[in-house]
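Undergrad: coordinates only, sequence not included:
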């Protein structure tokens with residue numbers, strides 16, 4: 001059976017349940033993937049099919065004429081386990097993975113747990129969209145599923161919170177040389193044991209390293225880290241790279257970019273979409289903007305910490321705008337799910353049955369399943385702080401105001417999160433918004 005795992009330039013072991021038949025899903029995938037490179041891959045597969053059909057016809061004719069006809073082509077089999085013969089297909093012994101017409105395309109499995117995938121060799125690809133407004137660089141795999149060649153540049157990391165801790169751990173696992181700093185110094189101890197170096201101040205980290213990442217809680221923390229005493233700005237020298245990974249407003253990014261570049265530094269914003277678990281698993285999605293050369297210098301780092309990275313063309317601040325929109329949608333969605341669960345309870349319906357039905361429909365996702373199960377179990381251990389998603393909603397609403405764009409759904413959700421914060425849920429997971437509906 002021909003499947004869509006044949007359209008992307010990397011080899012992988014793929015579970016059967018993750019494959020989609022080529023022909024039934026061809027039109028759907030063409031609509032979703034509009035880039036030139038994907039269309040070229042589809043054209044290559046179509047060309048291959050024509051040739052294969054011709055060979056099959058020739059084989060059939062020859063066999064009918066003589067008992068000494070050619071040996072039938074081996075049908076391509078779906079890979080279910082580590083099988084050395086799995087990549088052999090057609091009438092020759094040439095591995096399918098080496099055939100230029102059979103590049104592999106792994107469909108997005110962001111809704112599937114990482115454990116459902118076998119090791120994948122990490123490679124980068126750059127896709128230039130027709131519009132010219134967006135370039136995409138996809139790592140296509142995770143830090144726990146494959147190997148990469150770490151950069152020889154010295155990496156610094158400031159901020160070891162829920163997200164930063166997982167990022168640093170994966171950078172170290174993938175062989176990067178990392179110097180760390182955290183406002184609460186004790187959080188550095190574990191990473192020092194794993195091989196990281198210790199920086200006494202943000203300025204010292206930046207002066208010691210070629211590329212320094214930061215990941216802190218909000219705009220004020222991001223500004224203080226750069227502009228405060230012994231801050232990043234004190235250590236910036238010409239050629240030094242600073243990558244802001246915090247989710248903040250575009251105005252803060254613009255300010256930080258200006259002060260960094262005014263000292264000869266190179267600036268990139270690269271906020272991340274995900275959670276503590278996704279950070280630990282190296283499954284974050286990175287959205288970057290700013291200096292393209294810094295983005296390229298960070299490629300091995302982004303591969304270590306994430307499954308995919310996007311470079312948004314244009315000015316620094318565009319990644320912040322995109323991330324705020326993404327988190328606005330996620331936060332509003334979480335509030336709606338919590339509202340549905342509590343309404344089910346209020347009307348005498350089983351919350352578990354509501355979840356079971358929801359997870360069999362079009363809205364099914366790992367996010368929905370995990371958040372709802374945690375709610376039903378009363379488990380609000382933070383995976384993404386409620387106070388942070390409320391901050392993101394607030395910043396997104398303000399961004400809408402700045403361009404006179406209505407954000408009524410986000411505004412309503414924001415009020416529910418504010419209520420949850422008033423109930424002392426700030427340091428719980430964002431799913432604790434549920435408690436705003438039952439108190």
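TA: Received the coordinates, thanks. Since the structure is predicted, the reported quantities are computational estimates derived from the model, not experimental observations. Numbers count the residues shown, from 1 in each chain.

Undergrad: drop to CA atoms for contacts and neighbour counts, all remaining ones
TA: Fine.

Undergrad: shouldn't residue 335 be in contact with residue 434?
TA: Yes. Counting by C-alpha atoms under 8 Å, residue 434 is a contact partner of residue 335 at 7.2 Å.

Undergrad: which residues are in contact with both of those two?
TA: Residues touching both residue 335 and residue 434 (C-alpha atoms under 8 Å, 6 or more residues apart in numbering): there are none.

Undergrad: and residue 277, what does it touch?
TA: residue 383.

Undergrad: report the separation between it and residue 179.
TA: Distance of residue 277 to residue 179, computed by C-alpha to C-alpha, to the nearest Å: 23 Å.

Undergrad: same check, this time on residue 268
TA: Taking C-alpha to C-alpha, one finds residue 268 at 19 Å from residue 179.

Undergrad: one more: residue 286?
TA: Following C-alpha to C-alpha, the distance that separates residue 286 from residue 179 is 21 Å.

Undergrad: tally up the residues packed near residue 238, please.
TA: Residue 238 has 12 neighbouring residues, counting by other C-alpha atoms under 10 Å.

Undergrad: tell me the SS of it?
TA: Following DSSP: H, G, I helix; E, B strand; the rest coil, residue 238 is assigned to coil.

Undergrad: ok, it - contacts?
TA: 263, 264, 265, 266.

Undergrad: just those now: which is nearest residue 273?
TA: residue 266 (23.0 Å; C-alpha to C-alpha).

Undergrad: for the closest one, name its beta-bridge partners.
TA: Per DSSP bridges, the residues bridged to residue 266 are residue 241.

Undergrad: burial count for it?
TA: 24.

Undergrad: show me the contacts for residue 179.
TA: Per C-alpha under 8 Å, 6+ apart, neighbours of residue 179: 154, 155, 156, 157, 196, 197, 198, 199, 205, 209.

Undergrad: thought the second one was touching residue 211?
TA: Pointing back at residue 155 there. Yes. Taking contacts as C-alpha under 8 Å, residue 155 lies within contact range of residue 211: 5.1 Å.

Undergrad: thought residue 268 was touching residue 288, still the case?
TA: Yes. Under the criterion of C-alpha under 8 Å, residue 288 makes contact with residue 268 at 6.9 Å.

Undergrad: counting by contacts, list what the helix or strand containing residue 338 packs against.
TA: Element membership for residue 338 (DSSP states H and E) is helix 318-346. In terms of contacts (3 or more C-alpha pairs under 8 Å, 6 or more residues apart in numbering; DSSP states H and E), helix 318-346 is packed against helix 250-262, strand 272-273, strand 284-290, helix 351-358, helix 366-377, helix 386-402, helix 408-422, helix 435-438.

Undergrad: 6 Å instead?
TA: Contacts defined by 3 or more C-alpha pairs under 6 Å, 6 or more residues apart in numbering; DSSP states H and E place helix 318-346 against strand 284-290, helix 386-402, helix 408-422.

Undergrad: among those, which is the most enclosed?
TA: Using mean count of other C-alpha atoms under 10 Å, the stretch among the helices and strands packed on helix 318-346 with the largest mean neighbour count is strand 284-290, at a mean of 26.
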